[in-house]
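Visitor: Next come a sequence and a model predicted from it.
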Amino acid sequence: MNLLIHDLNDEEWIKVCDDYKGWEIISDNSTIKPCVGCFGCWLKEPGECVIKDGYEKMGALIHKADEVTVISTYTYGGFSSFVKNVFDRSIGWVLPYFEIVHREMHHKRRYPEDKPITFIFRGQFSDSDRIKAKTYVEAVCRNFHGIIKEIRFEECQVKSDKADESTLPVTSDPDKIVLLNCSLRAGNSNSKKFLDRLSSNIKGNTESINLSTYINRYDELAEILIEAGTIVLGIPLYVDGIPSALLRVMERLENYRTAGEKSIYVVSNMGFYESSQLKNLMGMVKSWCEKCGFIYGGGLAIGAGEMTGSIITSTDKGPAKNAAEGLNKLSAAINDLKEIEDIYADAYRFPRTLYMFAADMGWPKGAKKNGLKRKDLYRQVHM
Ligand SMILES: Cc1cc2nc3c(=O)[nH]c(=O)nc-3n(C[C@H](O)[C@H](O)[C@H](O)COP(=O)(O)O)c2cc1C
């Protein structure tokens, strides 16, 4: 069996469907829900997502497939929101436990094989877009135990939501700063902890919003964001990129024309240790800003976010020192509306081996709370 994950609309699909006769097809039937970051696919129902919407068995499907093909509209250097949603919902394909691959922290495999994957990007590409897409899927494959079989770029006109010149520009309030927590863990998220720490240093008219409040009301959220002069995005790293729920909002914001300037800042965090793994995500936000005509003001990328996030609520010291200094620099830039270079903050004087050891100790404890045994975490789901 081969598996195709695609975001083609009906008209586009009819033209190619004969090529995929007999394949398992994952397409957008408008029911897919975003990953909420609960890790239930590791700790409650190992190998399977706990959200039952028809997309919960992605890990098992990937395992069953001899090979996988992904067709996606090229979006800011990576996948469209739908295809990214499928990948975000597929992390049960790997185990929670960590290992070092290519000198980076990654997850151990749940199933014995590496999966050959063909990536087909559709859209319009500059040379740098091709490099960005390639860099991105290389990271995904490193992370997901995939082998790139082929990367293809199909030059075509994909439906663009970009507003035409006749659309009236929206005037934003230059003094309004929105801090958007893009983690669907909402109040419990590390993103919120970093944004709260940041906002304590920001002067002016700020509003803090949880993206989780606007699931399926993305247009409403876009309306709020478009009216802010400055947006600070608190983003968790999902499968080497932007979580699908935020991508949906970003795609919608392409619909607007803005009058005046809008500045975007980023505070991103991640589970693995090396903040350098956030480079693709930061690049994606930059590409989006270019597309929308927004000013990219700069960002802070925080490694070992699960640990740093909990420390920074009580102290700027110890492993949180680099992140705290980065937040201070970022808040100063926001207050002065200045552009700064991205800052990469690893845990300060906290060895990676210790971080991995502590994190790996936590998984069986988490599973035990759900009535599971240590060995249950290795469950393989078959279809
Ligand atoms: C679906 C999913 C995918 C993830 N992918 C990555 C990843 O590629 N690299 C990484 O370092 N962490 C990854 N993580 C871990 C999160 O980035 C990490 O737990 C982060 O601290 C969550 O931030 P939050 O509490 O603000 O949501 C992933 C988590 C989820 C739920």
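Guide: Perfect, I can see it now.

Visitor: Assess the claim that G303 and E274 are in contact.
Guide: Yes - because the distance of 5.5 Å satisfies Cβ atoms under 8 Å, G303 is recorded as touching E274. In short, each C-beta sits where N, CA and C put it, glycine included.

Visitor: neighbour-wise, which of the two wins?
Guide: It is G303, of G303 and E274, that has more neighbours when counted by other Cβ atoms under 10 Å, with 29 against 18.

Visitor: how near is the more buried one to the ligand?
Guide: Using Cβ to the nearest ligand atom, to the nearest Å, one obtains 8 Å as the distance from G303 to the ligand.

Visitor: from here on, count from 486
Guide: Okay, residue one is now 486; in that scheme the one you just asked about reads as G788.

Visitor: That residue: what's it in contact with?
Guide: The contact partners of G788, taken as Cβ atoms under 8 Å, 6 or more residues apart in numbering, are 754-755, 757-763, 829-832.

Visitor: go again using 7 Å as the cut-off
Guide: Residues in contact with G788, defined by Cβ atoms under 7 Å, 6 or more residues apart in numbering, are 755, 757-760, 830-832.

Visitor: what's the answer for D725, then?
Guide: Residues touching D725, when contacts are defined by Cβ under 7 Å, 6+ apart, comprise 621, 624-625, 628, 765.

Visitor: Give the next helix or strand downstream of the worst-scoring helix or strand of the chain on mean pLDDT.
Guide: Among the helical and strand segments of the chain, the one scoring lowest on mean pLDDT, DSSP states H and E is strand 743-744, with a mean of 84. Sequence-wise, the next helix or strand beyond strand 743-744 is strand 748-754, with elements assigned using DSSP states H and E.

Visitor: got the residues of the stretch 586-735 of the chain near the ligand?
Guide: Within the stretch 586-735 of the chain, the positions adjacent to the ligand are 628, 668, 670, 674-676, 721-725 by Cβ under 6 Å from any ligand atom.

Visitor: Which one of these is nearest to A805?
Guide: Within these, the smallest distance to A805 is 11.3 Å, found for N675 (Cβ to Cβ).

Visitor: wouldn't that closest one be in contact with V752 here?
Guide: No - under the criterion of Cβ atoms under 7 Å, N675 makes no contact with V752, lying 9.7 Å away.

Visitor: Show me where the stretch 686-835 of the chain has its strands.
Guide: Remark: strands assigned in the stretch 686-835 of the chain by DSSP state E, counting those that start in this stretch are 690-695, 713-721, 743-744, 748-754, 780-787, 828-830.

Visitor: ranking these by mean pLDDT, which is last?
Guide: When these are compared on mean pLDDT, strand 743-744 scores lowest, with a mean of 84.

Visitor: Remind me what that strand packs against, helices and strands.
Guide: Applying 3 or more Cβ pairs under 7 Å, 6 or more residues apart in numbering; DSSP states H and E, we find strand 743-744 packed against strand 655-656.

Visitor: residues in contact with the strand it packs on?
Guide: Among residues not part of strand 655-656, those counted as contacts by Cβ under 7 Å, 6+ apart are 711-712, 741, 743-745.

Visitor: Report the buried members of the residues you listed.
Guide: With neighbours counted by 16 or more other Cβ atoms under 10 Å, the contacts of strand 655-656 contain buried members at 711-712, 741, 743.

Visitor: These into a markdown table, with extra columns for distance to G851?
Guide: Output for those, formatted as a markdown table (distance: Cβ to Cβ, whole Å):
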| residue | distance to G851 |
| --- | --- |
| I711 | 39 |
| E712 | 40 |
| Y741 | 41 |
| T743 | 43 |
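
Visitor: From the residues you listed, pick the one nearest T554.
Guide: Compare each of these with T554 using Cβ to Cβ and the shortest gap goes to Y741, at 33.7 Å.

Visitor: what's the spacing between that closest one and I662?
Guide: With the distance defined as Cβ to Cβ, to the nearest Å, Y741 ends up 18 Å from I662.

Visitor: Among the buried ones among the contacts of strand 655-656, which ones are in helices?
Guide: Judged by DSSP state H, the subset of the buried ones among the contacts of strand 655-656 located in helices is I711.

Visitor: Closest one of the buried ones among the contacts of strand 655-656 to the ligand?
Guide: Comparing those against the ligand with Cβ to the nearest ligand atom places I711 closest, at 23.7 Å.

Visitor: Quote the end-to-end distance of stretch 513-520.
Guide: Length of stretch 513-520, first residue to last, Cα to Cα, to the nearest Å: 15 Å.

Visitor: which outside residues touch that stretch?
Guide: Surrounding stretch 513-520, the residues in contact under the criterion Cβ under 7 Å, 6+ apart are 492, 536, 538-540, 567, 570, 573-574, 669, 700, 723, 728-730.
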